[in-house]
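A.B. asks: please find the sequence and the predicted model below.
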Amino acid sequence: MGKLKVLFHVNEIDRWNFALGNIVNLISDVGEDNVDVAALANGPSVAAYADAEKVETMKGLSEKGAKFLVCRNSLKKMCSGGVVCISEENLPSFVSVVPAGITEIIKKQHEGYAYVKP
Amino acid sequence: MGKLKVLFHVNEIDRWNFALGNIVNLISDVGEDNVDVAALANGPSVAAYADAEKVETMKGLSEKGAKFLVCRNSLKKMCSGGVVCISEENLPSFVSVVPAGITEIIKKQHEGYAYVKP
Amino acid sequence: MGKLKVLFHVNEIDRWNFALGNIVNLISDVGEDNVDVAALANGPSVAAYADAEKVETMKGLSEKGAKFLVCRNSLKKMCSGGVVCISEENLPSFVSVVPAGITEIIKKQHEGYAYVKP
């Protein structure tokens, strides 16, 4: 059926481990050349991009083709709300910022990506 | 790619704030004329339709085109279970009742709506 | 619009009651001949397949056509992690094992199944 395409939507910090495990299993199961993987963080889950251990795992997966996205609205809100301030310049280099995560989630599905909420 | 279409599925009361924030961001990002938004509540989350503060926010969003749906099965179950009784006549006027929320969720996706679980 | 098709993704044990209630309502609403229902368990939710009460409900639904799937990776991980060991031979006979649940979730959506996260 051609390449599999999937967007993982992570909006709670404690769901990242599950999401990353899913991505590991997926790439291991079908091979990195047979899947387009994107993971999008919005809400409190954006804090994972400042967590060294998680970033290490993500980096390895990004080298196998997984894309990591983050919502700018959420970065701002987490900072103004006093939860965590991560400036865009300090994000890991493999992370891409999108203006509004929710718009990206919808567009990706309209482009044929499956949606998974770990 | 034409109008974006999205269904928000809210089944836990504490996910409404996140869902409503998502809808605010979405309409602000793409403009109310460029998106069809529906939010469907089933399970305990139906209680939000009796919460004055949330209803106020929903009302503002409904004036920008967002549709709010509620599952009749869930309204009955929450009442018989002693959680909260909301009669259909007492729902805010912008809320539409569907017989079975789960059927609506599936139909909307078959009609091309993206699915988001906030 | 033809037969409805839906995959329920259950990855937390406490979401099974909600998922099973959804499936009951769905079949009652549209009739078992008008829907293809699959429920996939990965993560800690696989333990439900060793819970007599839940298995009883699932069995009744399987007789109405609902398919129940379980992720082999998750069965192994739950056992090696000391959470629960369920051997494949001891699974209820109506449960099918898939090598990687995450792959199945994506494929089903690519085949036109709606995705629901209860």
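C.D. replies: Perfect, thanks for sending it.

A.B. asks: packing partners for the helix or strand that contains A:E56?
C.D. replies: Counting by DSSP states H and E, the element that carries A:E56 is helix A:52-62. Using 3 or more CB pairs under 8 Å, 6 or more residues apart in numbering or on different chains; DSSP states H and E, the elements in contact with helix A:52-62 are helix A:16-30. C-beta coordinates here come from the backbone N, C-alpha and C atoms, glycine included.

A.B. asks: excluding chain neighbours, give the residue nearest to the residue nearest the centre of chain A in space.
C.D. replies: Residue closest to the average C-alpha location in chain A (CA atoms, centre = their mean): A:A39, at 2.7 Å. Closest residue to A:A39 apart from its sequence neighbours, by CB to CB, 6 or more residues apart in numbering or on different chains: A:F8 at 4.3 Å.

A.B. asks: can you pull out the strands in chain A?
C.D. replies: Applying DSSP state E to chain A gives strands spanning A:4-10, A:35-41, A:67-71, A:95-98, A:114-116.

A.B. asks: just checking: what are the partner strands of the fourth one?
C.D. replies: Here strand A:95-98 has these sheet partners by DSSP bridges: strand A:67-71 (parallel).

A.B. asks: what does chain A have sitting close to chain C?
C.D. replies: Within chain A, the positions lying close to chain C (CB under 8 Å from any CB of the partner chain) are A:1, A:4-6, A:18, A:22-23, A:25-26, A:28-30, A:35, A:112, A:114-118.

A.B. asks: ok, 6 Å please
C.D. replies: A:1, A:4, A:6, A:22, A:25-26, A:29-30, A:114-117 (CB under 6 Å from any CB of the partner chain).

A.B. asks: and A:L69, bridged to which residues?
C.D. replies: The partner residues for A:L69, given DSSP bridges, come to A:L40, A:S96.

A.B. asks: let me know the pLDDT of the residue nearest to the centre of chain A.
C.D. replies: On pLDDT, A:A39 comes in at 98.

A.B. asks: that one reaches A:F68, doesn't it?
C.D. replies: Yes - using CB atoms under 6 Å, A:A39 makes contact with A:F68 at a distance of 5.4 Å.

A.B. asks: nearest to B:A48, out of the strands of chain A?
C.D. replies: strand A:4-10 (21.2 Å; CB to CB).

A.B. asks: partners of the closest one, with directions?
C.D. replies: strand A:35-41 (parallel), strand A:114-116 (parallel).

A.B. asks: which one of the ones you listed lies nearest to A:V83?
C.D. replies: Closest among these, using CB to CB: strand A:35-41, at 13.2 Å.

A.B. asks: rewinding a little: contacting residues around the residue nearest to A:A39?
C.D. replies: Neighbour list for A:F8: A:19, A:39, A:116 [criterion: CB atoms under 6 Å, 6 or more residues apart in numbering or on different chains].

A.B. asks: make it 10 Å
C.D. replies: A:F8 sits next to A:15-16, A:18-20, A:22-23, A:26, A:37-41, A:66, A:68-69, A:113-118, C:102 when contact means CB atoms under 10 Å, 6 or more residues apart in numbering or on different chains.

A.B. asks: for stretch A:4-24, measure first residue to last.
C.D. replies: End-to-end distance of stretch A:4-24: 15 Å, with CA to CA, to the nearest Å as the criterion.

A.B. asks: quick check: closest non-adjacent residue to A:I86.
C.D. replies: A:A50 (5.1 Å).

A.B. asks: return the distance of that neighbour relative to C:E104.
C.D. replies: According to CB to CB, to the nearest Å, A:A50 and C:E104 sit 33 Å apart.

A.B. asks: tell me the contacts of the closest residue to A:L61 other than its chain neighbours?
C.D. replies: Once flanking residues are discounted, A:L61 sits nearest to A:I23: 5.4 Å by CB to CB, 6+ apart. Residues near A:I23 by CB under 10 Å, 6+ apart: A:6, A:8, A:35, A:37-39, A:57-58, A:61, A:64, A:66, A:68, A:116, A:118, C:102.

A.B. asks: list the buried ones in stretch A:37-57?
C.D. replies: A:37-49, A:54-55, A:57 (16 or more other CB atoms under 10 Å in any protein chain shown).

A.B. asks: typed the wrong thing, it's stretch A:73-81
C.D. replies: Buried, per 16+ other CB under 10 Å, within stretch A:73-81: A:73-75, A:77-78.

A.B. asks: mean confidence for that stretch?
C.D. replies: 96.

A.B. asks: pLDDT weak spots in chain A?
C.D. replies: In the predicted model of chain A, residues A:1 satisfy pLDDT under 70.

A.B. asks: picking up where we left off before, shared neighbours of A:A39 and A:F68, anything?
C.D. replies: In contact with both A:A39 and A:F68: A:8, A:10, A:23, A:48, A:58, A:61-62, A:95, using CB under 10 Å, 6+ apart.

A.B. asks: what is the nearest of those residues to B:G82?
C.D. replies: Using CB to CB, those come closest to B:G82 at A:V10, 34.7 Å.

A.B. asks: what's the separation between that closest one and chain B?
C.D. replies: 11 Å (CB to the nearest CB, to the nearest Å).

A.B. asks: partner residues bridging that residue?
C.D. replies: With DSSP bridges as the rule, A:V10 is bridged to A:A41.

A.B. asks: list the contacts for it?
C.D. replies: A:16, A:18-20, A:39-46, A:48, A:68, A:101, A:116-118.

A.B. asks: ok, A:L26 next?
C.D. replies: A:4, A:6, A:8, A:32, A:34-35, A:37, A:61, A:66, A:116, C:73, C:100-103, C:105-106.
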